[in-house]
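Colleague: Sequence below, structure please.
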Amino acid sequence: MAQWLQKVRNDFPYRDGWVYLQSAGAGLAFPGAAAAAGQYYVDVAALGCDAQPLWHRPAQSALQRASKLLDVPSEDVGFFRNTSEVINIAANSFQWREGDEIVVMADEYPCNILAWTSAVEQGAKLVQLTPGAAAEREDQMLAAINERTRAVSVAHVHPWTGTKVNLTRLGQACREVDALLIVDGIQALGATEVDLSYVDVYGAGTFKWLMSGFGNAIGVFRERAREQLTPIFRSYANRPPSKGFNYAAPNIPGLYVLDATLAYLDELGWDRIHRQIEVLTDRAFTVLRDAGIEPVTPHHSRGGIVGFDVADSTRTAADFQDRQVSVSDKEGRILISPHFYNTEADIDRFGEALSDIMAAGDVR
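Modeller: Next comes the predicted model:
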C-alpha cells in the first residue's frame, strides 16, 4: 500500500505545501489528462472529418469502462453534458397523470427539484420532504412512497451533508408501487461503490470524483426506465421508435480524457480507491470529534464528504485557506472531501489547522 500511495502522490503534484480537500467540488486531473484532450485536436488537425474512426475509439472505450464500473449493460449507458441534463431528460420523459407524485427532499440540489417543474404544470404533485436529521434521510423518503408515487428523485450522496442513501432499499420500495428511482450520482461515482440493481436512472458528471473535467456526464437509463419513458429529446441518434436517450453527439474531446482517466483509475484499482477514501473520511471523523465537533455527516452512511457546522462558514473557509488547507464553504458549513490522492497526513494537517483556528476563537 505504501508503494501504491507513493505512486499516486507522484502523479498529483498539487501546490507545494498545500492540502487539497475539495474533490467533491472538482477533482484534480491526473498528468495524462492534458495529453488525452490534446490528442483529439491533433487527430482532427491531421485528418479532419476522416479522423472519425479515431475519435470513436476512445468514446467506445469509455463506454465500456463506464459499463464495467457500474456493472450494467453497455446499452444502458450514454454520455450527456452534465448531471442536470440527465435528470431533466428523465423528469420530462414521463407521461404524467393528474395526482401522480414525485418524492424529493426539500434540500436537494436545484436540478433534482426544478427538473420536475413541467410535471407539476401537468398535474403531478412534487412532494418536498422537510429534512430531519441527516441519518434519517433515507427513512423519511421510504415513508413517503405510496401508491401515487411515480418517481423518487434523490442524490446518492447529498452534497451538503455527505449523507449516502441505500439505493437498493429505495429502489425496492419504488418497485413495490411501480415508481422509478431517479438518482443524482455526481457526489458518489468514483468515491464510493455504486450498485444500480434497483436504480432506473443514474446521472453523474465527470469533473468531480472522476477527475475528467466539465462538459461530460455518464447517464444510465436502465431497461425499466426505457420501457416507461418516452424520450423528450429527439435527433439523428434516437429517431422514433427508438427508446434511447442519447440524441446527438457527446463531448468527444472530453471522452478522450474520460477514457484515459478511467484507464488510469482501473489500473490503480477501484477497491483500493474506495478503501482509501473510507480510511480518510474515518480519520476526519476522529479529528473532528477529538476537537469536540460532531460532524453533520452520519458515519455509517457516508461517501467521500464530511461536513460540520460553524458560525461563519465563509470566514472559517478563508481561515483554512490562510493555513494552506483548501476546504469547501457550502450552506453555512465546512465540507471536506478527500480523494484517493490524499493521505492521513493531509487529514492531520486539516486537524492542526482546525485546532489553530479554534484557538483563535474563529470556529464556534
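Colleague: contacts, neighbours, all on C-alpha from now
Modeller: OK.
Colleague: The protein: helices as residue ranges?
Modeller: Taking DSSP state H, the helices of the chain run over residues 2-11, 32-47, 52-70, 83-91, 111-114, 117-121, 137-144, 167-176, 223-228, 252-268, 270-290, 313-322, 344-359.
Colleague: nearest to His156, of those?
Modeller: Nearest of the helices of the chain to His156, taken as CA to CA: helix 167-176 at 7.3 Å.
Colleague: about what we covered before: just put the helices of the chain in a markdown table and tack on mean pLDDT, mean neighbour count and distance to Ile186.
Modeller: Shown next, in a markdown table, are the helices of the chain (pLDDT from 0 to 100; neighbours: other CA atoms under 10 Å; distance: least, CA to CA, whole Å):
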| stretch | mean pLDDT | mean neighbour count | distance to Ile186 |
| --- | --- | --- | --- |
| helix 2-11 | 84 | 12 | 23 |
| helix 32-47 | 96 | 15 | 20 |
| helix 52-70 | 96 | 17 | 13 |
| helix 83-91 | 98 | 23 | 7 |
| helix 111-114 | 97 | 20 | 12 |
| helix 117-121 | 97 | 16 | 21 |
| helix 137-144 | 97 | 16 | 18 |
| helix 167-176 | 98 | 18 | 14 |
| helix 223-228 | 97 | 16 | 19 |
| helix 252-268 | 97 | 21 | 15 |
| helix 270-290 | 97 | 18 | 15 |
| helix 313-322 | 96 | 18 | 23 |
| helix 344-359 | 96 | 18 | 23 |
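Colleague: To Ser212, which of those lies closest?
Modeller: helix 252-268 (5.3 Å).
Colleague: quick one, that closest one and helix 2-11 angle?
Modeller: For helix 252-268 against helix 2-11, the angle by axes from the mean of the first three to the mean of the last three CA atoms, to 10 degrees is 160 degrees.
Colleague: so what does helix 252-268 touch, helix or strand wise?
Modeller: helix 32-47, helix 52-70 (3 or more CA pairs under 8 Å, 6 or more residues apart in numbering; DSSP states H and E).
Colleague: so which of the ones you listed gets nearest Gly254?
Modeller: Here helix 32-47 is closest among the helices and strands packed on helix 252-268 (CA to CA), at 6.7 Å.
Colleague: Residues contacting that closest one, please?
Modeller: 50-51, 54-55, 212, 252-254, 256-257, 260-261 (CA atoms under 8 Å, 6 or more residues apart in numbering).
Colleague: If we use 10 Å, what do you get?
Modeller: Outside of helix 32-47, the residues within contact range by CA atoms under 10 Å, 6 or more residues apart in numbering are 11, 48-52, 54-55, 58, 211-213, 252-261, 264.
Colleague: right, so of the helices of the chain, which gets closest to Ser301?
Modeller: Comparing the helices of the chain under CA to CA, the one sitting nearest is helix 137-144, at 10.0 Å.
Colleague: how far does that closest one sit from the chain's center?
Modeller: 21 Å (CA atoms, centre = their mean, to the nearest Å).
Colleague: Take it, keep the C-alpha atoms, and write them as PDB.
Modeller: Taking C-alpha atoms only, helix 137-144 is exported to PDB below (Å, rounded to 0.1, in the frame of the first residue of the first chain):
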ATOM      1  CA  ARG A 137     -32.900  10.900   5.300                       C
ATOM      2  CA  GLU A 138     -33.500   7.500   3.700                       C
ATOM      3  CA  ASP A 139     -36.200   6.500   6.100                       C
ATOM      4  CA  GLN A 140     -38.100   9.800   5.500                       C
ATOM      5  CA  MET A 141     -38.200   9.100   1.800                       C
ATOM      6  CA  LEU A 142     -39.200   5.500   2.300                       C
ATOM      7  CA  ALA A 143     -42.100   6.600   4.500                       C
ATOM      8  CA  ALA A 144     -43.300   9.000   1.800                       C
END
